[in-house]
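>>> here is a sequence with its predicted model. Questions after.
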Amino acid sequence: MDTLQVDILNPKASKLLKDLASLGLIAIKPISNDGFQKVVDKFRSAAADDVPSLAEITEEVESVRSQRYAKKKASDNH
């Protein structure tokens, strides 16, 4: 058995699906409101509003590299 999510774009399709269900060819189950999906959607929308620029990403990468280099150099000297 395959499970699919179908987005109905035309009300006529809804009637066809109900007809198939009444013939016993398919089963229609409503999708439950998934709290996890709401949280994921919230994080995605928040992230879309605050996308870092390439310059900000480069600055952060260089900062982390500098810190790692300093730690490695300090440990090599001891």
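Looks like it arrived, so ask away. Numbering: from 1, shown residues only.
>>> show residues contacting the helix or strand where residue 65 lies.
In this structure, residue 65 sits in helix 54-77 according to DSSP states H and E. Here helix 54-77 makes contact (Cβ atoms under 8 Å, 6 or more residues apart in numbering) with residue 52. Backbone N, C-alpha and C define where each C-beta goes, glycine included.
>>> figure out how far that helix is from the centre of its chain.
Remark: helix 54-77 is offset 30 Å from the chain centroid, using Cα atoms, centre = their mean, to the nearest Å.
>>> convert the worst-scoring helix or strand of the chain on mean pLDDT to PDB, retaining C-alpha atoms only.
Using mean pLDDT, DSSP states H and E, helix 35-49 stands out as the lowest-scoring helix or strand of the chain, at a mean of 83. Coordinates of the C-alpha atoms in helix 35-49 are reproduced here as PDB (Å, rounded to 0.1, in the frame of the first residue of the first chain):
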ATOM      1  CA  GLY A  35       3.100  20.300  16.300                       C
ATOM      2  CA  PHE A  36       6.500  19.400  15.100                       C
ATOM      3  CA  GLN A  37       5.800  20.700  11.600                       C
ATOM      4  CA  LYS A  38       4.600  24.000  13.000                       C
ATOM      5  CA  VAL A  39       7.800  24.400  14.900                       C
ATOM      6  CA  VAL A  40       9.900  23.600  11.800                       C
ATOM      7  CA  ASP A  41       7.800  26.100   9.700                       C
ATOM      8  CA  LYS A  42       8.300  28.700  12.400                       C
ATOM      9  CA  PHE A  43      12.100  28.200  12.300                       C
ATOM     10  CA  ARG A  44      12.200  28.300   8.500                       C
ATOM     11  CA  SER A  45      10.200  31.500   8.400                       C
ATOM     12  CA  ALA A  46      12.400  33.100  11.000                       C
ATOM     13  CA  ALA A  47      15.600  32.000   9.200                       C
ATOM     14  CA  ALA A  48      14.300  33.400   5.900                       C
ATOM     15  CA  ASP A  49      14.000  36.900   7.500                       C
END
